[in-house]
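>>> this is the structure alone, sequence omitted:
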């Protein structure tokens with residue numbers, strides 16, 4: 001999503017709405033596999049939504065592309081810069097943790 005020319009606040013709102021729809025659908029549906037994946041995708045999207053909302057609070061309502069360009073071209077050393085630039089790895093690890101069946105970390 002980093003190369004999209006979409007405001008970070010709008011991206012956060014869309015992800016949150018989609019997360020609510022998926023979690024609700026997972027609660028309504030009966031099939032175990034569908035329920036498993038819809039609820040977990042919803043949780044993943046809600047965490048991504050919160051991540052973007054926190055950066056909206058910190059950076060203002062810039063586009064995702066502007067934030068990527070600002071952070072990648074910046075020479076400052078900050079925790080927020082590193083978290084933003086490492087988000088593909090962090091959310092990749094989070095996705096593996098969330099989507100592993102019978103994960104002892106998730107009840």
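Everything's here; your move. Since the structure is predicted, the reported quantities are computational estimates derived from the model, not experimental observations. Numbering: from 1, shown residues only.
>>> what is the burial count for the nearest residue to residue 83 once chain neighbours are set aside?
Of all residues not flanking residue 83 in the chain, residue 90 sits nearest, at 7.3 Å (CB to CB, 6 or more residues apart in numbering). Placement of C-beta: from N, CA and C, glycine included. Counted with other CB atoms under 10 Å, residues neighbouring residue 90 total 13.
>>> now swap in residue 6 and tell me
Residue 6: 13 neighbours (other CB under 10 Å).
>>> just the pLDDT at it, thanks.
Note for residue 6: predicted pLDDT of 87.
>>> phi and psi next, for it.
Here is the backbone geometry of residue 6 (degrees, to the nearest 10): phi -120, psi 140.
>>> mind checking the longest helix of this protein?
Ranked by residue count and defined by DSSP state H, the top helix of the chain is helix 32-59.
>>> average model confidence for that one?
On average, helix 32-59 scores 86.
>>> output the contacting helices and strands for it.
Using 3 or more CB pairs under 8 Å, 6 or more residues apart in numbering; DSSP states H and E, the elements in contact with helix 32-59 are helix 8-28, helix 64-73, helix 79-85, helix 87-99.
>>> which ones are touching the closest residue to residue 16 other than its chain neighbours?
Of all residues not flanking residue 16 in the chain, residue 49 sits nearest, at 4.1 Å (CB to CB, 6+ apart). Applying CB atoms under 8 Å, 6 or more residues apart in numbering to residue 49 gives the contacts 12, 13, 15, 16, 19.
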